[in-house]
Every structure is written in structure tokens, then in C-alpha cells.
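Undergrad: Below are the sequence and a predicted model; questions follow.
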Amino acid sequence: MKGWEPHRGAVDRLIDSYQNLPAGSPVRLAKRTSNLFRPRAAATSGLDVSGLDGVIAIDPAASTADVQGMCTYEDLVVATLPHGLMPYVVPQLRTITLGGAVTGLGIESTSFRNGLPHESVVEMDILTGSGEVITATPDNEHAELFHAFPNSYGSLGYATRLKISLERVPQFVTLRHVLMPDADSAVNAIEEICESGEYRGQRVDALDGTAFAPDEIYLTLAHFTDKPQTTSDYTGQQVYYRSIQRRTTDALTIEDYIWRWDTDWFWCSAAFGAQHRILRRLWPRRWRRSDVFHRLVGLDERLGISKALDRIKKVPGRERVIQDIEVPVRRLPEFLDWFDAEVGMRPVWLCPLRTQQPWPVYPLAPGDIYVNVGFWGTVEVPADAGDGWVNRRIEDSVHELGGHKSLYSEAFYDQETFEQMYGGDVLGKVRSRYDPDGRLSTLYEKAVRNS
Ligand SMILES: Cc1cc2nc3c(=O)[nH]c(=O)nc-3n(C[C@H](O)[C@H](O)[C@H](O)COP(=O)(O)OP(=O)(O)OC[C@H]3O[C@@H](n4cnc5c(N)ncnc54)[C@H](O)[C@@H]3O)c2cc1C
């Protein structure tokens, strides 16, 4: 636990480094890890966020934690679990930070009942564009900033401290992998679980899905329990996502459940050979983590290995399609049909969610069920395909179906459409109050122009 004095010192250093940035230079966090997946203009200097990466204090009686903005969920969970507590939503990738998930919209299997990570934030300290740190709550004089912050990606300032509510959790999680023969059946089951909180008589505490094929969609129903279980281990030779097809039931410790997707970065570790029987034995356990695979992607880009292999295989062109989108639950079958016909990438990850109140910069209808669809890979495209040939069509399809696209990856919207979809009016108003000199990049500059 960091404690309050070191926290104040770290905030002072951050403010100093902000004041010392030359006017006009890009403002960027000097952070070791990132889960963004879009190219970004190089920054010459970054804000000093050293010492802002921990948990300040936990109040077990109140079930709250004061957490620094750049604290990873990995470190946060290590601090909360000994108290039998965890954040209401823990994104699957270990190095996602609390500030990153709140400003960049995290999601996970508890989202069907707990919404998104920002919905359990009680208050936030934010370094604004004008250089001061203010405390924003849902109903104080900075409420407008509090509500506009989720999905603003640092364009309204940087969260230095967040007070969050925590949920009581037991030590074990039992899983049921339920096979759905088609997307309509999956939709019906998702609606039933969201409405009743149970499936076939058993409470469902967490819910996600893996769609391997149009007629092979598994919903994984998690039940939190203190009853001792014989647990599986997917941090070793076994691969979690493959177990979904092989087993109908399973059990994990709560910690292994939280990180079940991180070890193999969902299924994406296969691209590096990390799921190959022999290579996996040689692959050090500490390197079976999403941040290591993320760095390998960067290395591949720098060395041009995949591009060289494509040239040898005479692949005409290739586009990266790494996105998470949300569609209203009833439109899921249409989206998957379209996706199979036009993109053709499986498996895809499904995660139902329901927000509790309106959030202007990511306007989902509160109380309505949406399903997040995650797909991460590359597709072959014609040699003359323009920039974002596939990604642009995904944007159109999602828009037509009444959905939204997360902004952690590449986006191609024109500015007018973008501002209509992502609360442009509200963002503009809040920016003019908290960043009158326009010191921070706008959301459009960050998300589409990759600044
Ligand atoms: C392949 C892939 C799969 C993903 N899957 C999931 C998923 O399943 N579940 C999920 O929850 N998320 C997922 N994400 C998205 C991820 O949650 C977001 O990208 C999130 O913003 C990353 O947080 P980070 O802490 O790594 O932030 P960074 O990547 O460092 O930064 C993200 C953005 O947030 C800003 N930012 C960072 N910290 C702060 C702060 N303290 N205050 C204000 N702004 C800040 C940065 O300026 C930047 O614009 C996925 C991303 C990828 C690439």
C-alpha cells in the first residue's frame, strides 16, 4: 500500500512535469505499458507518472479503495483479494490500468450486472488541461467532467486518484460452458440470464461467450463460491480457450478466473507459436502474458517479419482488424452473419453488458442489454484496398445496427460522424471549461488522427 504522503509527492511531480512541458509539445503519459492498438505520433516527452502506479489505501469496512491512476489491475487485485474484495469489473489484461479502463472503457464478464469500470467510481482526482488537479464526483461542481470522462482517452485530463467501490468475492469460481447451436439461442440465453441472474436454477455471477463458428457458440457461466473446488490451471501447458470446447464444467480460483484470458491473450498467443505443444514447454511461464505478446507485435512491426513472410507467400495485402464493438443484444445474430460473410475471423469473444445510467461520450441506452464482440487479428485484402478497407465497413455495419465501437484501436470516422456518435458537444463544452488553451489533444485527434 502506497499511503497518502508518497501519493501527494507523486502528484506534485506530475504537476511540475506538466508545467515544464514546452508550449505546443504533445502531452503524453510516460508509461511503461499500453493496451492501445493504434499507431501514434511520436511524443518527444512525457508526463512524469512515476509513483502513480499503486494502491493508496483500502477500507475493507466500506468496501472501497483509493487507487492511483496508473495502477494496473494486476497490482490492484493483489491488494484487494486478501480482503475478499475485488473491483466490480476487472478487465482481462493484467497491465490495463484503472485510469486507462475508466477513460478508455474496460469491460469483463461481470459487466452484464455491474456495467463498465467507471460505474463503480465514487470520485476522481483529475489533472486537467489547465494544470490543476480537481476532485470530481457524480454530484459536485465538477460533475460534468466526471460524467464526460469515461471514453475521453485522456482528452479531458488524467486521473491521478480514483476512489472505487469493491465487491465482496469468495475464493473459487465454478464454470459451465454451455453450447448454443446458433446466435439466436445465445441471444435468448443472454437475455434470460440478464433478467433473472440465473440459468437453469443456478445463479450466474459472471457471463461471457466464445463464438468458434456460427453453430458453435459457448456461453461461459461463472458462479462464485466459497465451497472448496478441485481447480484447473491454464497458466501452464493447458490453454484456457481450448478447454471451453472440451469441458462442460470447470473450476478455477478467483485469481485464475480473473486472469484466464491474459495468459494466452485470449487466443492470440497462437500467432507466436506459444500454443504449440513443444514451444509451449520451452516458453517461460513468466512470458505467457498479454503484455509480452503485445510487445512481440511491436517487435514484429519494427522488424517486418510478417510482411516479409506475406511477400514470400504472395499475399496481396493484409489489414489489421483489432476491434471491440457493441451491438444491441437482438442485433447480435445480424452482426455475426455480416461479420462471417465480410470479414471471416473466428473465434470472436462475446461479453454482454448493461450500463446503469447515461454516459455522454459513449452513449449506450441505460438498462438495455448490449453485447461486446471482440476480434483481434489480420485479414487478407486486395492489393489495391485503401487504408482501413475492412475496418471502415465494420464501422458502418456497427453504426447501422445501432452499436458503437471502442476507440482503443484504429478508427476511420469523419469528424462530423465521430462527434455525433461520441458526445462531441459535451466534450467541447467540458474542454472549454477545463482546458481553455486547448493544451490536450481532442478525442478525435487521439482516436482517429492518432496524435
Ligand atoms: C487486443 C485488445 C483487447 C482488449 N480487450 C479488452 C477487454 O477484453 N476488456 C477490456 O476491458 N479492455 C480491453 N481492451 C482495451 C483496453 O481496456 C483499453 O485500451 C484501455 O484504455 C487500456 O488501458 P491502459 O491502462 O493500458 O491505458 P493506455 O493504453 O496506456 O492508454 C489508453 C488511453 O487512456 C489514456 N489514459 C491512460 N491512463 C489514464 C489516466 N489515468 N487518466 C486519463 N487518461 C488515461 C491514455 O492517454 C490513452 O489515450 C483491449 C485492448 C486490446 C488492444
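TA: Structure's in. What do you need?
Undergrad: Would you mind listing what in the stretch 201-350 of the chain touches the ligand?
TA: Ile322, Asp324 (CB under 6 Å from any ligand atom). Using the backbone N, CA and C atoms, a C-beta is placed for each residue, glycine as well.
Undergrad: so where's the stretch 201-350 of the chain uncertain?
TA: Filtered on pLDDT under 70, the stretch 201-350 of the chain yields no residues whatsoever.
Undergrad: residue ranges for the strands of the stretch 101-250 of the chain, please.
TA: Using DSSP state E, counting those that start in this stretch, the strands of the stretch 101-250 of the chain run over 121-127, 133-136, 158-168, 172-180, 198-199, 202-203, 206-213, 216-225, 249-253.
Undergrad: So for the chain, the centremost residue is which one?
TA: Gly106 (3.5 Å; CA atoms, centre = their mean).
Undergrad: who are the neighbours in contact with that one?
TA: Going by CB atoms under 8 Å, 6 or more residues apart in numbering, Gly106 touches Val89, Pro91, Ile96, Gly100, Leu116, Pro117.
Undergrad: buried subset of those?
TA: Taking 16 or more other CB atoms under 10 Å as the criterion, what is buried in these is Val89, Pro91, Ile96, Gly100, Leu116, Pro117.
Undergrad: Give the burial count for whichever residue of the stretch 351-451 of the chain sits closest to the ligand, as a bare number.
TA: Per CB to the nearest ligand atom, Tyr408 is where the stretch 351-451 of the chain lies closest to the ligand, at 3.2 Å. Close neighbours of Tyr408, defined as other CB atoms under 10 Å, add up to 21.
Undergrad: shouldn't Thr160 be in contact with Glu123?
TA: No. Using CB atoms under 8 Å, Thr160 makes no contact with Glu123, being 11.8 Å away.
Undergrad: residue in the stretch 101-250 of the chain nearest to the ligand?
TA: For the stretch 101-250 of the chain, CB to the nearest ligand atom, closest residue to the ligand: Gly104, 2.2 Å.
Undergrad: My guess is that residue contacts Ala159. True?
TA: No. Using CB under 8 Å, Gly104 is not in contact with Ala159, being 11.0 Å away.
Undergrad: Could you list the contact residues of the stretch 1-150 of the chain toward the ligand?
TA: Counting by CB under 6 Å from any ligand atom, the stretch 1-150 of the chain comes close to the ligand at 29, 31, 33-37, 69-70, 91-92, 95-97, 99-101, 103-104, 106-108.
Undergrad: between Gly104 and Ala159, which one's more packed in?
TA: A count of neighbours by other CB under 10 Å puts Ala159 above the other of Gly104 and Ala159, at 27 against 23.
Undergrad: quick one on the thing from earlier: among Thr160 and Glu123, which residue is more densely surrounded?
TA: For the pair Thr160 and Glu123, the greater number of neighbours falls to Thr160 (21 against 18), based on other CB under 10 Å.
Undergrad: and that one, what does it touch?
TA: Ala10, Val11, Leu14, Leu52, Gln68, Gly69, Asp125, Ile126, Leu127, Val133.
Undergrad: Backbone dihedrals for Pro352, please?
TA: phi -70, psi 150 (degrees, to the nearest 10).
Undergrad: Excluding residues flanking it in the chain, which one is nearest it?
TA: Using CB to CB, 6 or more residues apart in numbering and skipping residues adjacent in sequence, the residue nearest Pro352 is Phe112, 4.2 Å away.
Undergrad: Great, nothing more from me.
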